[in-house]
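K.L.:
Task: produce atomic coordinates for the following.
(one chain, ligands or ions: 1)
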Amino acid sequence: MQAPLPQTVFEFMNWSWAQIEPYYNELAERPLAAANLHEWLTDWSRLSKLVYEAYQRLRVATEVNTADHQAEARYHAFLEHIRPASLAAEQRLKEVLLASGLQPAGFELLLRNMRAEADLFRAENLPLLSEELKLSAEYARITGAQTVEWQEEEVTVSQLATVYQEPDRELRQRAWRLASDRWLADREAINAVWGKLLELRCRLAANAGLADYRQYRWRQFLRFDYTPEDCVRFQEAIEQMVVPAALRIYERRRERLGVPSLRPWDLAVDPLGRPPLKPFETIAELEAKCEAMFHRVDPELGAIFELMRREELLDLDNRKNKAPGGYCTDFPVAGRPFIFANSVGVHDDVQTILHEGGHAFHFYAVFALPYYQQFYAPIEFMEVASMGMELLAAPYLTRQQGGFYTPQDAARARIEHLEGIILFWPYMAVVDAFQHWVYENPAAAAQPAKCDAQWDALWERFMPGVDWSGLEQERMTGWHRKLHIHEEPFYYVEYGLALLGAVQVWQKALDDQAGAVAAYRRALALGCTASLPELFATAGAKFAFDAGTLGGAVGLVEQVMEELERDAAR
Ligand SMILES: [Zn+2]
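P.N.:
Residues are numbered from 1 along each chain as shown. A predicted model of the protein is given here:
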């Protein structure tokens with residue numbers, strides 16, 4: 001008989017794989033039948049949670065202090081000695097469950113997913129998948145090394161993005177051209193990596209007995225609830241319903257800036273020349289005001305955020321030796337979410353906390369499910385939780401409602417957010433349509449010039465309103481600058497679909513706040529025990545690709561923007 005697993009993850013984090021492995025082996029070898037199914041799943045769940053939480057805590061420790069070499073060593077040791085072995089052991093238990101023929105309640109979709117993963121598995125693809133990771137890392141290495149000299153300092157191309165908010169148009173243009181030239185200098189290098197990635201992905205699909213890589217990726221992403229044709233329909237709906245609205249936004253911006261045509265370096269600056277919003281001075285203020293806003297959305301959600309503050313599950317400031325970025329993760333043994341951010345005092349920081357707060361409430365809701373395996377909803381719905389929360393909380397941005405701003409500034413922040421929603425969809429359509437073309441036409445897509453031409457044609461179709469004359473090379477190589485195309489093929493439409501769900505949730509809340517939030521929370525609590533159409537429907541939305549649903553969402557966003565324009569002008 002083995003000793004019981006530790007009650008806390010902190011003890012478990014010191015365990016070696018030799019200590020952990022017997023628990024996996026025991027589960028794999030324990031005779032499994034209907035009578036002990038619940039006990040077996042509970043034990044598996046407990047073990048999975050410990051391994052996952054140890055992994056997350058070790059990772060977070062390196063990110064909250066990148067100078068902590070001991071934390072780094074522990075994390076790397078985990079990645080080397082425990083992570084791969086535990087993934088293989090998890091896979092073995094999935095196979096045991098599948099082989100048992102048992103059908104635990106709430107596992108229908110999970111079993112379907114496990115079967116699909118087993119069907120797609122080919123041993124001969126393992127080295128190709130490693131090769132793909134190396135090529136992705138090569139793309140990341142090329143783009144990560146892109147620096148330029150700006151005002152006598154070496155800065156990364158991404159750091160230049162702050163200059164695009166400067167009121168001085170000449171300065172913005174110089175920065176934009178500097179960044180573009182730097183990208184173009186890597187044109188051949190990126191094309192070379194692209195050719196290899198494409199060839200490799202076609203082989204992955206062929207080895208799996210599939211006609212093309214799109215089919216492979218669909219199965220790998222477990223996309224059972226929509227087809228490539230649905231995505232094409234969504235692109236068409238975007239062209240019809242969103243592109244005209246985007247044009248109106250660009251035209252308003254052009255007028256306000258007082259320029260003859262909008263150039264690519266005119267898109268981030270405030271069109272009325274106002275200084276950036278300054279929502280808070282201290283992190284305590286950021287936390288307290290977000291808490292107040294969540295409380296207005298729903299007192300219980302506000303209480304969860306308050307608990308996270310009290311238990312120090314928020315690390316929101318930007319400081320030396322902290323990793324960049326923002327995210328929410330979960331500690332399933334403790335039953336607590338954790339939010340990481342790098343807040344510097346701009347409105348984006350507020351938006352990030354509202355977004356990650358939605359993810360945190362999602363995690364918190366699924367901790368109540370019986371088994372760990374049921375926790376994680378598909379990304380298409382996870383982002384409804386987060387983007388939905390951004391919209392649900394937005395009405396409380398004013399100081400009067402517990403938030404940060406005067407009514408005018410709150411209106412300005414909300415308009416920027418809503419404009420961003422409209423402008424995102426057409427860009428998403430370009431990225432998505434481009435990849436459908438690539439993997440339906442791999443021979444053509446192996447020629448970078450044809451990719452350039454295809455990207456250009458899609459850009460013209462979905463992204464009118466900005467004047468790129470004289471910037472033809474820059475425009476046609478836009479696909480080089482989208483990381484997902486190179487590193488995470490086909491992973492992007494998820495955000496467009498989730499956004500449509502989020503707007504629908506918000507639409508319901510405008511009529512019946514309490515009812516809409518209750519439905520949203522019921523949907524979050526389902527984890528991955530329901531399909532995407534069921535998750536959306538429970539949240540009061542339709543999982544949709546059609547022009548009607550999208551047109552309704554666009555109409556609402558435009559109508560609210562108009563009302564807010566009046567508030568902003570007041
Ligand atoms: Zn998110």
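K.L.:
hey, let's count contacts and neighbours off CA atoms from now on
P.N.:
Fine.
K.L.:
how about the helices of the stretch 1-150 of the chain, start to end?
P.N.:
Per DSSP state H, counting those that start in this stretch, the stretch 1-150 of the chain has helices spanning 9-12, 17-29, 37-64, 69-77, 83-100, 108-120, 126-144. These are given in chain order.
K.L.:
Would you format the ones you listed as CSV with mean neighbour count included?
P.N.:
Shown next, in CSV, are these (neighbours: other C-alpha atoms under 10 Å):
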stretch, mean neighbour count
helix 9-12, 16
helix 17-29, 15
helix 37-64, 19
helix 69-77, 16
helix 83-100, 16
helix 108-120, 16
helix 126-144, 15
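K.L.:
So for Trp183, which of those helices sits nearest?
P.N.:
helix 126-144 (8.0 Å; C-alpha to C-alpha).
K.L.:
Tell me the gap between that closest one and the middle of its chain.
P.N.:
Between the centre of helix 126-144 and the centre of its host chain there is 20 Å, according to C-alpha atoms, centre = their mean, to the nearest Å.
K.L.:
which helices and strands does that helix pack with?
P.N.:
Here helix 126-144 touches helix 187-207, helix 483-487, going by 3 or more C-alpha pairs under 8 Å, 6 or more residues apart in numbering; DSSP states H and E.
K.L.:
how about a cut-off of 6 Å?
P.N.:
Where contact means 3 or more C-alpha pairs under 6 Å, 6 or more residues apart in numbering; DSSP states H and E, helix 126-144 is not packed against any helix or strand.
K.L.:
Residues touching that helix, excluding its own?
P.N.:
Helix 126-144 has contacts (C-alpha atoms under 6 Å, 6 or more residues apart in numbering) with Glu487.
K.L.:
again with stretch 74-92
P.N.:
With C-alpha under 6 Å, 6+ apart as the test, stretch 74-92 has contacts from 17, 58.
K.L.:
How far does it stretch from one end to the other?
P.N.:
26 Å (C-alpha to C-alpha, to the nearest Å).
K.L.:
re the thing from before, quick one, which of the helices of the stretch 1-150 of the chain gets closest to Asp212.
P.N.:
Closest approach to Asp212 among these (C-alpha to C-alpha): helix 108-120, 13.3 Å.
K.L.:
Am I right that Pro337 is in a helix?
P.N.:
No: judged by DSSP: H, G, I helix; E, B strand; the rest coil, Pro337 forms no part of a helix; its state is strand.
K.L.:
surely it meets Phe361?
P.N.:
No: applying C-alpha atoms under 6 Å, one finds Pro337 not in contact with Phe361, separated by 8.0 Å.
K.L.:
Would you mind listing where the protein has pLDDT under the threshold?
P.N.:
By pLDDT under 70, the weakly predicted segments of the chain are 1.
K.L.:
can you give me the strands in it?
P.N.:
All strands of the chain, identified by DSSP state E, fall at 147-150, 153-156, 314-317, 327-331, 336-343.
K.L.:
what packs against the third one?
P.N.:
Spelled out, that is strand 314-317. strand 336-343.
K.L.:
picking up where we left off before, make a markdown table from the helices of the stretch 1-150 of the chain and add distance to Arg203 to it.
P.N.:
What follows is the helices of the stretch 1-150 of the chain, written out as a markdown table (distance: least, C-alpha to C-alpha, whole Å):
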| stretch | distance to Arg203 |
| --- | --- |
| helix 9-12 | 41 |
| helix 17-29 | 33 |
| helix 37-64 | 32 |
| helix 69-77 | 31 |
| helix 83-100 | 24 |
| helix 108-120 | 13 |
| helix 126-144 | 8 |
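K.L.:
so who does Ala205 touch?
P.N.:
With C-alpha under 6 Å, 6+ apart, Ala205 has these contacts: 212-213, 216.
K.L.:
can you tell me how far it sits from Arg248?
P.N.:
Where Arg248 is concerned, Ala205 sits at a distance of 42 Å (C-alpha to C-alpha).
K.L.:
Look at the residue lying closest to His480 once chain neighbours are set aside and say how many residues are nearby.
P.N.:
Once flanking residues are discounted, His480 sits nearest to Ile190: 6.9 Å by C-alpha to C-alpha, 6 or more residues apart in numbering. Residues contacting Ile190 under the criterion other C-alpha atoms under 10 Å number 21.
K.L.:
what's the angle from the longest helix seen in the chain to helix 187-207?
P.N.:
As assigned by DSSP state H, the longest helix anywhere in the chain is helix 407-440. Put simply, helix 407-440 runs at 60 degrees to helix 187-207, going by axes from the mean of the first three to the mean of the last three C-alpha atoms, to 10 degrees.
K.L.:
How far does helix 407-440 sit from its chain's centre?
P.N.:
Relative to its chain's centre, helix 407-440 lies at 14 Å (C-alpha atoms, centre = their mean).
K.L.:
before we move on, the earlier item: out of the contacts of Ala205, who's nearest Arg115?
P.N.:
Nearest member of those to Arg115, counting by C-alpha to C-alpha, is Tyr216, at 14.7 Å.
K.L.:
tell me the contacts of that closest one?
P.N.:
Taking C-alpha under 6 Å, 6+ apart as the criterion, Tyr216 is in contact with Ala205.
K.L.:
ok, now how distant is it from Ala498?
P.N.:
22 Å.
K.L.:
Pro426 too?
P.N.:
Counting by C-alpha to C-alpha, the gap from Pro426 to Ala498 is 15 Å.
K.L.:
likewise Gln220?
P.N.:
As judged by C-alpha to C-alpha, Gln220 and Ala498 stand 19 Å apart.
K.L.:
More neighbours: which of these two?
P.N.:
Neighbour count, other C-alpha under 10 Å: between Gln220 and Ala498, Ala498 has more, with 24 against 14.
K.L.:
Tell me which stretches of the stretch 401-550 of the chain form helices.
P.N.:
407-440, 442-445, 448-462, 472-476, 483-487, 493-511, 513-524, 532-538, 547-569.
K.L.:
who wins for proximity to Glu117 among the ones you listed?
P.N.:
Of all the helices of the stretch 401-550 of the chain, it is helix 532-538 that lies closest to Glu117, at 18.4 Å by C-alpha to C-alpha.
K.L.:
Give me the contact list for that closest one.
P.N.:
Applying C-alpha under 6 Å, 6+ apart, the set of residues contacting helix 532-538 is 523, 542-543.
K.L.:
Now render those residues as a markdown table, adding neighbour count and distance to Ile238.
P.N.:
Output for the contacts of helix 532-538, formatted as a markdown table (neighbours: other C-alpha atoms under 10 Å; distance: C-alpha to C-alpha, whole Å):
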| residue | neighbour count | distance to Ile238 |
| --- | --- | --- |
| Ala523 | 25 | 26 |
| Lys542 | 18 | 16 |
| Phe543 | 22 | 15 |
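K.L.:
quick one on the thing from earlier: just want the angle from the longest helix of the chain to helix 547-569.
P.N.:
Using the same axes, to 10 degrees, the inter-axis angle of helix 407-440 relative to helix 547-569 is 150 degrees.
K.L.:
Pull the number of nearby residues for Gln400.
P.N.:
By the criterion of other C-alpha under 10 Å, Gln400 has 11 neighbours.
K.L.:
repeat for Lys322
P.N.:
Lys322 has 17 neighbouring residues, counting by other C-alpha under 10 Å.
K.L.:
give the contact list for Ala429.
P.N.:
With contact set as C-alpha under 6 Å, 6+ apart, Ala429 has these partners: Gln235.
K.L.:
go on, Thr62?
P.N.:
Thr62 is in contact with 71-72, counting by C-alpha under 6 Å, 6+ apart.
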